[in-house]
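In: Generate a structure from the sequence data that follows.
(5 chains)
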Amino acid sequence: MTSGDCVETLLKLRADPDATIWLDLQEPNEVEARVLSEVFRFHPLAIEDTLQDYGHPKIDTFDDHVFIIVHGIDFTRLNLEKSLDVFTLELDIFLGDRFIVTHHGDPAMRSVADLRKDVGEPGHRPWTSVRILHRLLDRLVDNYLPVMDGIGARLEILEDRIIHDPEPDLLEKVLEAKKSIQRIRRMTAHQRLILESLARGHLELIPRESLAFFRDIYDHFVRVADLAEAYREGAQSAVEAYLSMSANKTNEIMKSLTQISTVMLPLTFIAGIYGMNFDVMPELKWALGYPFALVLMAVTAAAILVWFRRRHWL
Amino acid sequence: MTSGDCVETLLKLRADPDATIWLDLQEPNEVEARVLSEVFRFHPLAIEDTLQDYGHPKIDTFDDHVFIIVHGIDFTRLNLEKSLDVFTLELDIFLGDRFIVTHHGDPAMRSVADLRKDVGEPGHRPWTSVRILHRLLDRLVDNYLPVMDGIGARLEILEDRIIHDPEPDLLEKVLEAKKSIQRIRRMTAHQRLILESLARGHLELIPRESLAFFRDIYDHFVRVADLAEAYREGAQSAVEAYLSMSANKTNEIMKSLTQISTVMLPLTFIAGIYGMNFDVMPELKWALGYPFALVLMAVTAAAILVWFRRRHWL
Amino acid sequence: MTSGDCVETLLKLRADPDATIWLDLQEPNEVEARVLSEVFRFHPLAIEDTLQDYGHPKIDTFDDHVFIIVHGIDFTRLNLEKSLDVFTLELDIFLGDRFIVTHHGDPAMRSVADLRKDVGEPGHRPWTSVRILHRLLDRLVDNYLPVMDGIGARLEILEDRIIHDPEPDLLEKVLEAKKSIQRIRRMTAHQRLILESLARGHLELIPRESLAFFRDIYDHFVRVADLAEAYREGAQSAVEAYLSMSANKTNEIMKSLTQISTVMLPLTFIAGIYGMNFDVMPELKWALGYPFALVLMAVTAAAILVWFRRRHWL
Amino acid sequence: MTSGDCVETLLKLRADPDATIWLDLQEPNEVEARVLSEVFRFHPLAIEDTLQDYGHPKIDTFDDHVFIIVHGIDFTRLNLEKSLDVFTLELDIFLGDRFIVTHHGDPAMRSVADLRKDVGEPGHRPWTSVRILHRLLDRLVDNYLPVMDGIGARLEILEDRIIHDPEPDLLEKVLEAKKSIQRIRRMTAHQRLILESLARGHLELIPRESLAFFRDIYDHFVRVADLAEAYREGAQSAVEAYLSMSANKTNEIMKSLTQISTVMLPLTFIAGIYGMNFDVMPELKWALGYPFALVLMAVTAAAILVWFRRRHWL
Amino acid sequence: MTSGDCVETLLKLRADPDATIWLDLQEPNEVEARVLSEVFRFHPLAIEDTLQDYGHPKIDTFDDHVFIIVHGIDFTRLNLEKSLDVFTLELDIFLGDRFIVTHHGDPAMRSVADLRKDVGEPGHRPWTSVRILHRLLDRLVDNYLPVMDGIGARLEILEDRIIHDPEPDLLEKVLEAKKSIQRIRRMTAHQRLILESLARGHLELIPRESLAFFRDIYDHFVRVADLAEAYREGAQSAVEAYLSMSANKTNEIMKSLTQISTVMLPLTFIAGIYGMNFDVMPELKWALGYPFALVLMAVTAAAILVWFRRRHWL
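Out: I've put the predicted structure just below:
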């Protein structure tokens, strides 16, 4: 379709009072930018935020439409087995009375792809724009929970392993996880507010009878935000556990060193004494001098070991 | 009873203006799902939240009923002797003017079981639905306090033991307790808001004269939430105590090592000197050379011990 | 007085429009429970909270009276010399237009005892119930300040001692103090809100011209709450100081060990060399071989000490 | 002046509709207490707060006057060179339509003294009471900034020195500074609210056209409060830096010990071998046995040093 | 231009109802101070805040104009390669209906310089004062983002390097960065509120149709403030990582020391035994005594190494 054709088709659809348009843009080119400004007459700033990555969720109300940016899990870059780094994908939504325009950087964005299967290819459809919005957000939010659970499970394993052996590479992984979780937490804090304003009926576009559905999405997302907060505390706990277990390990190592030194130094000292070259050293002349020295050493060692046991060091 | 019978009986009861229904579902099957949707005409989303575990407390107001999820202690999985892990059990409540439908995963959920004894088997009863709600919440909240006290007592013991001997398995227990307490704290934060909205009279279903009873429940739960917060601080304190006591233990061990080294190394050195093979070493020829060396060692050791005492190291 | 007499007398007094009743219960028995419910017709839940320890401050408004729980210092169990553990005592107050009923577990509760001296034995009196409430709260709050100052002074001493010698028993005391202070802090946070609502005139029972007096109490209590917060920070600081000073002590001990090892090991090594039994070792034949070895050792030790001084380790 | 004269003169002035009175009390005696109560008829509680140190900033509105307590820097006890301990001085202000009564413990309180120079000795003056209040607060707040800057500069130096050498006396100074800063921070938090309520026009005594001046004072004080918060974070950072640098120092010391031990122990061992008294030890007979042993030691030492360098330990 | 000329010209322009004035002052001298007070009749306090550095962002509303202080990045002092110290430059703005007066200490302030290029030299222009304000703030805020990204990238590198080798100079850099970030964070917290009040339409000077543009600026700045918060957490994490990695390094060093001591001390002890001078020591007479001793040593060393491996210490 040429640029002109496309714009014209859409303008016709826009004029049709019975048509609901869902336009899903993936990499907006000039034609699509023209569509946004000429067919839908969106605000230049909203279009600009669409054409480039904006960075965090927001909602902007305009005269006849709403501009929403939400973030979904970026499943393409997700591999919890290897790293707890979780990235999110921006989904820009223009919601109008009888149209919904979506834009996302990744053509495979799961929540959109899933919905496309449900409603067939985009175009005319009996669904209202609010219903499409609801289904999009519903899937997008639902996709968070398994990922959050995965993070929680991995974090649990990491902390467990730290308690049993505080290896520095475990700390590195926990610090990475903490960073990733803090990123998610900041994002969820913003997104939560947006979903709340949808659920509270602040937007006139959403009819009262649909609010329960958006409240449901909001409730689910509160849970996601809650888990993000919990995992942040968990990661912090794991860092503290690392420090504590390291201190413990230091003590273990120090104890070994102290034990070996405390046993060996006196023995070596006794050997040193009988290694002295004095002309007059009676023990050296004894027939049983050597066994005597060995017994002396054994007794000393035994005494030290008993003393260790008394101090609960063995 | 067949599915149809059951639905019909309930529909008849629903129609009877003098009947109050308490329906207690344990593992909702298809029949029960039909009851929820056909007899009571609950919102599909609320039914969905009931059929599966939702995860955290919430309250949703619908036209003629309220949907409440609260959490009670899961006594089946509770064993404070062995672990401070406390799990909660979801109780889903649909409260209407003349009916109350409850659902809980565990048939033995204590607060519900207790109440069943009081009111006999469910069915027609002179109690109003609000009174049943009040009694349910009252027991559910009351069951928290002994558990919280148990956690507090165990935590106290753990911290005490840590201060006297910072063993790593104590730290592990404290970290586990902290995690469990944080879970409870997050849950109580949500549940508190729900009980508050009941106590504040936000629900029209609860008559003004009953508010004092719900305020009482709320006040008790505030205390639970307060204790959860206090124990979180306590667990954190215990972790810090562990770190401090570990540092202290390190110092104790280091001190031993330093003492033994500081005493033995100079003595061994003296023995080493008189173990040298120089042709001309006057001391070696002395008749009292050996006793002299031993005395020299004893004096050296005494001097070091005096120096230790001066530095308050012994 | 028999139960019936007592109830009758009080009912008569209640009926007298000129009488103000102050009833001070210490260990409510059945008679007194009857009085509360039959003479004053208090809410059963409030009576229940009175008969047993409730746990934290609260305020409940009823139709013709207010139910207030405040906490005062428990002087019987206070011994700041020995421990910073501070316990509080519950004072339950029913405030009506022309009556005030107080209850406290300890007959010697200082604020009540003081006031009783002022107003003579309870019974008829010209004081209004609000004036009695004001005087009770005034004394109760004033009793906090010397205790808080005592805690502050002890905490200061503890931190000072920790900085000069981080003994583990100091840490134990600080951790105990921290726990006690956190308990006070949580209680003051609740109590502050209650005094604020009295000072803000939320209760119709308190006439506008008396508000200044309650604002004064509130201002004093804000100071108590402020100090509780400050001491919590102070206790936390002391714990951190302990950790830092322990680290410092570790370094001091380690330094000693390193110094002694660094000086003795090379010397012992030199002695070891001249203790070797090679047939051909020219130094051993030297007339001044032994002094040479001693000088070599002295020079080595001196060099090491100079090197220490250069690294600012001595 | 006798007590009676004084009271009479002031009563006359009070009656004069054109007179504005500024009365500056320094150590209120009985006469002055009488003046406060008889001439100005202040509330007994406010007079009580004036006669004794109250402790923290507050504002109380009465029918025809306002009672304000603000805190200024106590320059007499300030010596930032020696310690970061900053104390504040209470300034009690009664502000009326045509009078302002100030009280401060220290006669030399700088902000008041400065203003007295400007307006000559207290008594009749063309200045309105609000203008005097503004000038007082203006100076009082302005006096904070150089002190705060001084604290900031000292803190910076302390942290710098800690990073280069974590001496325990530096930690002690930082902990002291932290305590002082926390005290200031708590006070500024209260004072800020008071200045805000003046700037927001909550007091009817302050005419709308003067609000800009009080807003200016408020803005300056926000900066003071901001710095207090910043320095608290800074002091905390310094404590953490101390801990980190101590850990670093431990490592440095440990490294030295490990290096010296790792080099000397093997050498001493070799010397020990050739110090053994076996009848048959071929090396001992070698003409070059001794140099061989020395070379063996040198090679061993070199190998260890190379291994150190490989592990980046030298 | 003489002072009089300048003032007159501006007065004429002020009187012209079609003219919009943008006056950009760089180092206000007396003439300019006269212009501010005589031509524009600004409030003396606002002029004072302009003539000297004020310190943090603020907004003040006057009758016919608004006084705004915002902070932009000081690019002249920015060199992220060398240090993460970021300074900000004050931009004072007087915004009126038909005029905008800006003042900034650095003539090269980037956001102003950029805009000057766009609109040519200051003077008459068709742009409204609000549009100039918008463009100024837009550029000023946009200049933050690359700087924040730079800080984030450097911080990431620092933390990475700390995890691999906790050098004290890295800690120093992180502590410096933390201080700088905290400064930015405090400033952004204030500036954010100011931009929010512009975006929310609190100023009558900004027409409703322009609000979207200011909302856009606000949204961008929220992101800056968000990043500042994130980096503060990041810097804190890096400090904690340093501590943890130091503890780890201590363990590594200690392990080496323990290993070498545990291996060498027993060997030296064996050598010491056969260095004793007893007359009767059968082993010394054995033909294979020496090899026997060496084998004994080797076996001992091997046993110790095996024991190490068992404890996962090698």
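In: ranges for the helices of the stretch 1-150 of chain A?
Out: Here the stretch 1-150 of chain A has its helices, by DSSP state H, counting those that start in this stretch, at A:3-15, A:30-34, A:44-51, A:110-119, A:129-142, A:144-164.
In: Pick the most deeply packed of these.
Out: Compared across the helices of the stretch 1-150 of chain A, helix A:129-142 shows the largest average neighbour count, a mean of 21 (mean count of other CB atoms under 10 Å in any protein chain shown). Glycine gets a C-beta too; all of them are placed from N, C-alpha and C.
In: which residues does the closest residue to chain B within the stretch 201-314 of chain A contact?
Out: Closest to chain B within the stretch 201-314 of chain A is A:Gly272: 3.2 Å, counting by CB to the nearest CB. Counting by CB atoms under 8 Å, 6 or more residues apart in numbering or on different chains, A:Gly272 touches B:267-268, B:271-272, B:275, E:272.
In: Can you name the residues that contact the residue of chain A found nearest chain E?
Out: The nearest approach of chain A to chain E comes at A:Ala271, 3.2 Å away (CB to the nearest CB). A:Ala271 makes contact with A:293, A:297, E:269, E:272-273, E:275-276 under the criterion CB under 8 Å, 6+ apart.
In: now, which of those residues sits nearest chain D?
Out: Closest approach between the contacts of A:Ala271 and chain D, by CB to the nearest CB: E:Gly275, at 4.3 Å.
In: Is that closest one in contact with C:Gly275, as I believe?
Out: Yes - counting by CB atoms under 8 Å, E:Gly275 does reach C:Gly275; the two are 6.9 Å apart.
In: joint contacts of these two?
Out: Shared contacts of E:Gly275 and C:Gly275, defined by CB under 8 Å, 6+ apart, comprise A:275, B:275, D:275.
In: To which secondary structure element type does the second one belong?
Out: When you say that, I think you mean B:Gly275. Put simply, B:Gly275 is coil when judged by DSSP: H, G, I helix; E, B strand; the rest coil.
In: tell me the pLDDT at it?
Out: Looking at B:Gly275, its pLDDT stands at 89.
In: Can you report phi and psi for it?
Out: The phi/psi pair for B:Gly275 (degrees, to the nearest 10) reads phi -100, psi 0.
In: Counting neighbours, what do you get for it?
Out: Using other CB atoms under 10 Å in any protein chain shown, B:Gly275 has 27 other residues around it.
In: swap in A:Arg200?
Out: Neighbours around A:Arg200, by other CB under 10 Å: 13.
In: I'd like the distance between it and B:Thr61.
Out: Remark: distance between A:Arg200 and B:Thr61 (CB to CB, to the nearest Å) = 13 Å.
In: hey, what's in contact with both of these two?
Out: Common contact partners of A:Arg200 and B:Thr61 (CB under 8 Å, 6+ apart): none.
In: got the residues of chain A near chain C?
Out: Residues of chain A lying close to chain C by CB under 8 Å from any CB of the partner chain are A:Gly275.
In: returning to that earlier point: spatially, which residue comes closest to the residue of the stretch 201-314 of chain A closest to chain B, not counting chain neighbours?
Out: B:Ala271 (3.2 Å; CB to CB, 6 or more residues apart in numbering or on different chains).
In: just checking, A:Leu198 touches A:Asp216?
Out: No - assessed by CB under 8 Å, A:Leu198 is found out of contact with A:Asp216, at 11.1 Å.
In: Of those two, which one has the most company?
Out: A:Leu198 (28 against 23).
In: Could you look up the SS state of the more buried one?
Out: Assignment for A:Leu198 (three-state DSSP): helix.
In: Show the contacting residues for it.
Out: A:59, A:137, A:206, A:214, A:217-218.
In: Report the two of these separated the most.
Out: Largest separation among the contacts of A:Leu198 by CB to CB: A:Ile59 and A:Ile217, giving 13.9 Å.
In: and those two? which has more neighbours close in?
Out: A:Ile217 (23 against 20).
In: doesn't A:Leu136 make contact with the more buried one?
Out: No - using CB under 8 Å, A:Ile217 is not in contact with A:Leu136; the gap is 9.8 Å.
In: For A:Arg192, which non-adjacent residue is spatially closest?
Out: A:Ala225 (4.9 Å).
In: rewinding a little: same list, the contacts of A:Ala271, but as a markdown table with distance to E:Leu158 please.
Out: Below are these laid out as a markdown table (distance: CB to CB, whole Å):
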| residue | distance to E:Leu158 |
| --- | --- |
| A:Ala293 | 59 |
| A:Met297 | 54 |
| E:Phe269 | 47 |
| E:Gly272 | 50 |
| E:Ile273 | 53 |
| E:Gly275 | 54 |
| E:Met276 | 57 |
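In: which of the residues you listed tops the neighbour count?
Out: In terms of neighbour count, E:Gly272 stands highest of the contacts of A:Ala271 at 31 neighbours, by other CB under 10 Å.
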